[in-house]
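A.B. asks: Kindly generate the corresponding structure for this input.
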Amino acid sequence: MANRRIAEILQSGQPDESLLVQGWVRTKRESKGFAFIEVNDGSSLANLQVVINQDLPDYEPILKKLNTGAAVEATGVLVASLGKGQQIELKAETVKVYGEADPDTYPLQKKRHSFEFLRTIGHLRSRTNSFGAVFRVRNACSTAIHQFFQQRGFLWVHTPIITASDCEGAGELFSVTSLDLKNIPRTENQAVDYSQDFFAKPTYLTVSGQLEAEVMAMAFSNVYTFGPTFRAENSNTSRHLAEFWMVEPEMAFCDLEGDMDLHEAFLNHIFKYVLETCPEDMEFFNERIDKSVLATAENIINNQFERLTYTEAIKLLEKADVKFEYPVSWGLDLQSEHERYLAEQLFKKPAIVTDYPAQIKAFYMRLNDDEKTVRAMDILAPKIGEIVGGSQREERLEVLERRVLAQGLKPEDLWWYLDLRRYGTVPHAGFGLGFERLVQFMTGMGNIRDVIPFPRTPQSAEF
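C.D. replies: Reported below is the predicted structural model:
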């Protein structure tokens, strides 16, 4: 007997088809002589209704076990459904309960639970409609990312999670050590003696795979990374995670214009793919979470992004008839409220801001001829703010050395990175996309902790 996923059954199942279905009970309704159970296996938002008749062997004992949350297997025949909301249902011939769920203690019942409460039961929250939809969309986004780059001949490279370099220079790093923290070895001047550590030097969890991706781009032209990154930033907000995923393409023989063009095509592809693959889930978000989700998706697909320089953005913000919490002036970084004003209120679509002041951007970004700004870009999205940071990289050795020193870094620590400019240097560019912010933007979910299965945040590493 065929074992098929519920999403497939609801889409193409035919009456008189014999099937085996496995999943978890969402609800149970009893009538005289028969019962209806709604079964979900995670493959779709919708459940399959299973009808159990009293002539089933052990009908009463089985029915007592079929509470919300119980794991069940049913075999039977599909029949046309007379009820509203479904075209077919399964008339059960056998029912097996794998695991019961006590209705007095099982925390997910047929009612709406707050996202705050659901975060406390992260091991069970994926069984709800909202989180089922989130993680199916997250999966579709991942598939679309790989599809986009693979179709364009990019090489997927696996950059290290343990690194000795701080790519962003922000110092928000998790240290990696095998030293006994109760008995840390010290040098004569009482500094930590890293020569006795596993790697014989300070090492950290990576904040970005970009620098290593540049190494690979200098051999393979177009590459991308897609993996976990870490920030020890003590920010307990709805926008920050300590562990998150990043997508980072790197392209040789590419400038900032090419970088921006690629990212527009990238977002366009992902939104199209998700709308085609998860229409039911996206409708759910539009109805239950944020009524602008579908309009936002269409906006991405059908409109070119606004492009403006940082200097132009500052002028627009200074003229804005809005009282901002943080000051606006040339030389200061844009805050989330500034970014959202530009994308949400002024342009009403994503905006790409370029050519930021050199002093607020990383050392590897290409210095413009004015010596004040760099060939950087941030893509600002409605409701999220910055979703992407990218740049044309500095390919000139002498300029890069000057920038490294100006930001207080040691050239000897980046000898290999500088070597890329000594041997066969080319103009190149790339960007970093926070994957969770993309999923948040796409689904309308208000808190970034609700678009990753197991969020890692300050003072929280549960599950």
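
A.B. asks: Quick one: end-to-end distance for stretch 421-438.
C.D. replies: Using C-alpha to C-alpha, to the nearest Å, one end of stretch 421-438 lies 33 Å from the other.

A.B. asks: and stretch 364-381, C-alpha only, in CSV?
C.D. replies: Provided in CSV are the C-alpha atoms of stretch 364-381 (Å, rounded to 0.1, in the frame of the first residue of the first chain):
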residue,chain,number,x,y,z
TYR,A,364,38.3,45.7,2.4
MET,A,365,35.9,48.0,0.6
ARG,A,366,37.2,49.8,-2.4
LEU,A,367,38.2,53.4,-1.8
ASN,A,368,36.6,55.9,-4.1
ASP,A,369,38.7,58.6,-5.9
ASP,A,370,37.4,61.2,-3.3
GLU,A,371,39.3,59.3,-0.6
LYS,A,372,36.3,59.8,1.7
THR,A,373,33.8,57.2,0.5
VAL,A,374,34.0,53.5,-0.4
ARG,A,375,32.2,51.4,-3.0
ALA,A,376,29.8,49.9,-0.5
MET,A,377,26.1,49.0,-0.8
ASP,A,378,23.4,48.3,1.7
ILE,A,379,20.0,47.0,0.5
LEU,A,380,17.2,48.4,2.7
ALA,A,381,13.9,46.5,2.9
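
A.B. asks: shift numbering so it begins at 107
C.D. replies: With the count now opening at 107, the last piece we talked about shows up as stretch 470-487.

A.B. asks: what is the mean pLDDT for it?
C.D. replies: In this model, stretch 470-487 has an average pLDDT of 96.

A.B. asks: from the middle of its chain, how far away would that stretch be?
C.D. replies: 25 Å (C-alpha atoms, centre = their mean, to the nearest Å).

A.B. asks: next one: stretch 309-328
C.D. replies: 20 Å.

A.B. asks: Flag every buried residue along that stretch.
C.D. replies: Across stretch 309-328, burial judged by 16 or more other C-beta atoms under 10 Å covers 309-324, 327-328. Placement of C-beta: from N, CA and C, glycine included.

A.B. asks: In helices, which of those residues appear?
C.D. replies: 316, 317, 318, 319, 320, 321, 322, 323, 324 (DSSP state H).

A.B. asks: what about the residue nearest to residue 410 when sequence neighbours are not counted, which helix or strand?
C.D. replies: Leaving aside its chain neighbours, residue 410 sits nearest to residue 370 (6.9 Å; criterion: C-beta to C-beta, 6 or more residues apart in numbering). Assigning secondary structure by DSSP states H and E places residue 370 in helix 362-383.

A.B. asks: Identify each buried residue in that helix, please.
C.D. replies: By neighbour count with 16+ other C-beta under 10 Å, helix 362-383 contains the buried residues 362, 365-366, 368-370, 372-377, 379-381, 383.

A.B. asks: Next secondary structure element downstream of that helix?
C.D. replies: Sequence-wise, the next helix or strand downstream of helix 362-383 (DSSP H and E) is helix 385-394.

A.B. asks: mind listing what residue 503 touches?
C.D. replies: By C-beta atoms under 8 Å, 6 or more residues apart in numbering, residue 503 lies in contact with 524, 527, 528, 531.

A.B. asks: separation between the third one and residue 417?
C.D. replies: When distance is defined by C-beta to C-beta, to the nearest Å, residue 528 is 33 Å away from residue 417.

A.B. asks: Tell me which of the two has more neighbours.
C.D. replies: Higher neighbour count among residue 528 and residue 417: residue 417, with 15 against 9, using other C-beta atoms under 10 Å.

A.B. asks: helices and strands around the helix or strand containing residue 423, which ones?
C.D. replies: Element membership of residue 423 [criterion: DSSP H and E] is helix 416-425. Judged by 3 or more C-beta pairs under 8 Å, 6 or more residues apart in numbering; DSSP states H and E, helix 416-425 is in contact with strand 457-463.

A.B. asks: ok, and what's touching the strand it packs on?
C.D. replies: The contact list for strand 457-463 (C-beta under 8 Å, 6+ apart) reads 362, 366, 369, 411-417, 419, 436-437, 439-440, 448-449, 474, 478-486.

A.B. asks: Measure how buried the nearest residue to residue 302 once chain neighbours are set aside is and give me the count.
C.D. replies: Nearest non-adjacent residue to residue 302, counting by C-beta to C-beta, 6+ apart: residue 291, 4.7 Å away. By the measure other C-beta under 10 Å, the count of residues near residue 291 is 12.

A.B. asks: Likewise for the one 4 residues further on?
C.D. replies: Here the number of neighbours of residue 295 (other C-beta under 10 Å) works out to 5.

A.B. asks: Residue 341: what's it in contact with?
C.D. replies: Residue 341 sits next to residue 564 when contact means C-beta under 8 Å, 6+ apart.

A.B. asks: Check the contact between the residue nearest to residue 410 and residue 413; I expect there is one.
C.D. replies: No. With contact defined as C-beta atoms under 8 Å, residue 370 does not reach residue 413; the gap is 9.6 Å.

A.B. asks: strand partners of the longest strand anywhere in the chain, parallel vs antiparallel please.
C.D. replies: What stands out as the longest strand in the chain, according to DSSP state E, is strand 124-137. Applying DSSP bridges to the sheet, strand 124-137 is found paired with strand 108-109 (parallel), strand 140-146 (antiparallel), strand 177-186 (antiparallel).

A.B. asks: would you list these in JSON lines and tack on distance to residue 431?
C.D. replies: Below are the strands paired with strand 124-137 laid out as JSON lines (distance: least, C-beta to C-beta, whole Å):
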{"stretch": "strand 108-109", "distance to residue 431": "56"}
{"stretch": "strand 140-146", "distance to residue 431": "44"}
{"stretch": "strand 177-186", "distance to residue 431": "50"}
